[in-house]
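# sequence and computational prediction follow.
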Amino acid sequence: MVNVGVIGCGKIAQVRHLPEYEAHPSVKIVGVCDTEKNRAEEVAEKYHTRVYASYEEMLSDDNIDAVSVCTANYSHCQITLKALEAGKHVLCEKPMAITYEECKKMLETAERTGKFLMIGHNQRLTDTHRKAKELVQKGEIGKIITFKSTFGHAGPENWAVDKNNIWFFDKAAASFGAMADLGVHKTDLIQFLLSEKIKEAFAVTGTLDKKDKQGNSIGVDDNAICIYKLENGIIGNINVSWSYYGEEDNSTILYGTEGCMKIYDNPDYSIVIEKRDGEKIFYIIDRIQTNDQQSNSGLIDCWVSCLEKEVPPEISGEEAFEAMKAVFAALESARTGRRVSVDELEV
């Protein structure tokens with residue numbers, strides 16, 4: 001049995017970590033904590049567990065093997081470091097941290113303490129994305145030339161548990177907006193599907209629509225368009241948005257020398273392959289999660305499996321850092337208006 005604690009009782013904890021932990025036969029939820037005591041108490045009652053007064057109190061409990069860090073972006077590094085030092089394995093929500101240096105420190109601490117660090121890049125875990133990677137490796141559409149990937153919805157205010165306090169819009173709490181919130185998912189996914197790392201980024205970000213309670217533009221980006229160049233020369237783009245006021249778009253299209261592969265682009269088929277000669281192949285595998293339609297993400301299953309088997313997690317801190325490097329390069333590109341190489345970020 002794996003004993004876990006959940007730090008932060010916001011929406012991601014409520015719809016993913018806690019229900020997926022509860023559903024896992026090898027997990028006991030030992031306790032939860034949140035800066036909002038009432039919220040923690042409501043969650044604890046639902047899952048028949050205890051409330052810790054603080055995450056520090058939770059980390060001092062020797063009965064806990066691992067924790068989920070489900071807090072605002074700015075605190076990911078601080079809490080993760082303290083958890084690792086306390087001898088806990090850590091599953092941290094994305095984005096991994098808010099600076100390059102923080103990401104490195106998290107990796108170094110995990111290595112030094114001998115504890116596992118996994119980041120919540122769940123998109124690579126869907127059955128459809130795994131099948132797509134298999135088809136790419138088999139050369140189903142030939143050599144990949146380019147790609148486009150989109151992640152857009154109506155914004156985190158429609159997701160947050162506290163509608164009066166949208167920390168996603170607060171630069172001090174979130175540090176960055178849609179590019180890191182949604183873009184990091186697509187960044188990790190592209191590297192996963194194509195088995196290549198991103199080398200360069202050219203991006204434009206903007207705050208085009210979202211307003212705070214005073215009617216002023218929020219302090220972080222709500223839209224981003226990014227062109228990536230991979231180490232093997234493939235180029236493509238990702239579009240992310242918090243202002244898609246219609247159906248959520250979470251699609252990816254890969255273009256190869258022998259055709260194209262459309263992933264989560266068709267409501268009836270999760271993969272559609274269109275061959276160069278006109279042949280079409282359809283796969284019905286699953287449906288991608290949306291904010292309104294949640295299902296088992298596979299994240300907790302993957303996490304608990306690595307803990308039980310005592311093997312490093314698939315979505316390791318190292319893997320997540322590769323995605324964050326590309327996101328940091330994209331954000332630097334948006335800031336400076338020039339193309340930025342991931343290698344420039346090394347410190």
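Nice, I can see it. Residues are numbered from 1 along each chain as shown.
# measure how buried the nearest residue to Phe176 once chain neighbours are set aside is and give me the count.
Leaving aside its sequence neighbours, Phe176 sits nearest to Val220 (Cβ to Cβ, 6 or more residues apart in numbering; 5.6 Å). Where C-beta positions appear, they are placed from N, C-alpha and C, glycine not excepted. Val220 has 23 neighbours, counted by other Cβ atoms under 10 Å.
# which ones are touching Val220?
Contacts of Val220 were listed using Cβ atoms under 8 Å, 6 or more residues apart in numbering, and they are 168-169, 171, 174-178, 207.
# apply 10 Å and report the result again.
If you count contacts by Cβ atoms under 10 Å, 6 or more residues apart in numbering, Val220 has them with 73, 168-171, 173-181, 205, 207, 210, 242.
# where does the protein dip in pLDDT?
Scanning the chain with the threshold set as pLDDT under 70 gives 290-295, 347.
# strands along the stretch 101-250 of the chain, start to end?
Per DSSP state E, counting those that start in this stretch, the stretch 101-250 of the chain has strands spanning 117-119, 144-152, 198-206, 223-230, 235-241. These are given in chain order.
# can you lay out those strands as JSON lines showing mean neighbour count?
Putting those into JSON lines (neighbours: other Cβ atoms under 10 Å) gives the following:
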{"stretch": "strand 117-119", "mean neighbour count": "28"}
{"stretch": "strand 144-152", "mean neighbour count": "20"}
{"stretch": "strand 198-206", "mean neighbour count": "21"}
{"stretch": "strand 223-230", "mean neighbour count": "22"}
{"stretch": "strand 235-241", "mean neighbour count": "22"}
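# need those strands in JSON lines with distance to Val272, can you?
What follows is these, written out as JSON lines (distance: least, Cβ to Cβ, whole Å):
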{"stretch": "strand 117-119", "distance to Val272": "30"}
{"stretch": "strand 144-152", "distance to Val272": "15"}
{"stretch": "strand 198-206", "distance to Val272": "26"}
{"stretch": "strand 223-230", "distance to Val272": "23"}
{"stretch": "strand 235-241", "distance to Val272": "18"}
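# so which of those is nearest Ile300?
Closest to Ile300 of these, according to Cβ to Cβ: strand 117-119, at 10.3 Å.
# just the C-alpha atoms of stretch 105-112, please, in CSV.
Backbone C-alpha positions of stretch 105-112 (Å, rounded to 0.1, in the frame of the first residue of the first chain) are rendered in CSV as follows:
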residue,chain,number,x,y,z
LYS,A,105,17.3,22.6,-8.3
MET,A,106,14.3,20.3,-8.2
LEU,A,107,16.2,17.7,-10.3
GLU,A,108,19.4,18.0,-8.3
THR,A,109,17.5,17.6,-5.0
ALA,A,110,15.6,14.5,-6.3
GLU,A,111,18.9,12.9,-7.4
ARG,A,112,20.6,13.7,-4.1
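# just to revisit the earlier point, among the contacts of Val220, name the buried ones.
73, 168-170, 173-181, 205, 207, 210, 242 (16 or more other Cβ atoms under 10 Å).
# counting only helices, which of these make the cut?
173-174, 178-181 (DSSP state H).
# from these, which two are the most distant?
Ala173 and Met179 (16.0 Å).
# is Val90 in a helix, a strand, or coil?
Assigned by DSSP: H, G, I helix; E, B strand; the rest coil, the conformation of Val90 is strand.
# can you pull the contacts of the closest residue in space to Val240 that isn't next to it in sequence?
Nearest residue to Val240, sequence neighbours excluded (Cβ to Cβ, 6+ apart): Leu182, at 4.0 Å. Going by Cβ under 10 Å, 6+ apart, Leu182 touches 94, 150-153, 156, 223-224, 238-242, 250.
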